[in-house]
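In: Could you look at this predicted model? Sequence included:
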Amino acid sequence: MSDFLSELYGQQKLKNELKRLLEEHRLPHTMIFYGEEGLGKTTAALSLAATLTEASDKFWKEVEEWEEYFDKVPAVTAAEDRIWYIRPMGMELKIEQFRVFLEAMISFGDSTRVCIIDEAQTMAPIMANSLLKTLEEPQGNIYFILITNDINALLPTIISRSERFPFFPLSRTEYHDLVKSNPLKYKFTKTLDEETAYQLSEGNPGITLEICSESGDAQPDKAMSFWETFIWDKTPFATLSSWDVKDRKKFLRLLRWIILVGRDLLVISEMPELSMERCKQVSERERKAAPYWKGDAAEKAIQVLQKAELGARRYISTKNTWDMILIKLQYIQRGI
């Protein structure tokens, strides 16, 4: 297994552990892959599933074709239905999706099957309880891989019946090796070099791809405008509440940039003599805004934003989350 999980970059400790467990025939039948989005959890789950089921070379081609079916069918399969992949339809994972797998499970036979449940933190309570019951009566030839960016949102009883495998950001060396080996995939802009991208993404390849995109390049300016609005606009709530935050993924991406700019403001307000800003594109604007976020104002604001990000990942309404952010930051900026 020299090419074990070769599709996954980095995460060498995790690879070694999974390989060892597999070779010793001790791989757990329920696993949780957890960590930030963009670190390769889904890629790892699919690659491990392909290994367990001895999927053919056509497997990854099948995976590419899944995209057109995600919103049309409860679950997608590959490798002659030996690999099942379930992800949210809309805002949550529904019991109807899991029932399709349970009904098929009756006739599985002896061949190994893998059920991958992505964004497991969005499971509806009834689905989570159904999964728990299934895990309590395990079948030796079925593996479950749960993928989540918020492990604390899972039922404690599901966590206790699973083996947890954390995914971490890449080290600086791993990160630079990755982007150098994929120059066509990771294209940096004029205002964003490789090292700055590493600092902004905090070693996350998925976030780096967003930063390298055209929309990603525009995010620092929009994030900076967010903080400036609370300083110089007399009606910040009215101004910012008009922003379009309907798309959850775009909203989470924007929140991340707002938090990154906020961290710059915090550092500048505390140590203005140092040049430690990470968002170089808007560093001059940050230095003008930082004095207005002195004391613990920036820190409190960042805490509000981080809590809001967690709520949005748990599928709380993006509009309600955004309005809550605006109200709380308006109070913080005014010292209330």
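Out: Cool, got the structure.

In: list the buried ones in the helix or strand where residue 256 lies?
Out: Here residue 256 sits within helix 248-270, counting by DSSP states H and E. Using 16 or more other C-beta atoms under 10 Å as the test for burial, helix 248-270 gives 251-269. (C-beta placed from N, C-alpha, C; glycine too.)

In: what do you get for stretch 3-10?
Out: Neighbour counts over stretch 3-10 (16+ other C-beta under 10 Å) mark 5, 8, 9, 10 as buried.

In: Same question for stretch 145-160.
Out: The neighbour-count check on stretch 145-160 (16+ other C-beta under 10 Å) flags 145, 146, 147, 148, 149, 151, 153, 154, 158, 159 as buried.

In: which residues sit against it?
Out: Contacts with stretch 145-160, where a contact means C-beta atoms under 8 Å, 6 or more residues apart in numbering, come from 30-37, 41-42, 45, 48-49, 114-121, 123, 128-129, 131-132, 135, 162, 164, 310, 313-314.

In: Sketch out the low-pLDDT regions of the stretch 201-336 of the chain for me.
Out: When residues are selected by pLDDT under 70, those of the stretch 201-336 of the chain lie in 213-218, 276-278, 336.

In: repeat that for 80
Out: For the stretch 201-336 of the chain, residues meeting the criterion pLDDT under 80 lie at 210-219, 272-281, 295, 313-316, 336.

In: End to end on stretch 280-293, go ahead and measure it.
Out: With C-alpha to C-alpha, to the nearest Å as the measure, stretch 280-293 spans 19 Å from end to end.

In: How far off centre is it?
Out: The chain centre lies 28 Å from the centre of stretch 280-293; the measure is C-alpha atoms, centre = their mean, to the nearest Å.

In: what's the offset of the helix holding residue 256 from the middle of its chain?
Out: Averaged C-alpha coordinates place helix 248-270 at 16 Å from its chain's average position (C-alpha atoms, centre = their mean).

In: State the next helix or strand along the chain beyond it.
Out: Next helix or strand after helix 248-270 toward the C-terminus (DSSP H and E): helix 283-289.

In: name the helices or strands packed onto that next one?
Out: Judged by 3 or more C-beta pairs under 8 Å, 6 or more residues apart in numbering; DSSP states H and E, helix 283-289 is in contact with helix 214-232, helix 248-270.

In: Many thanks, we can stop here.
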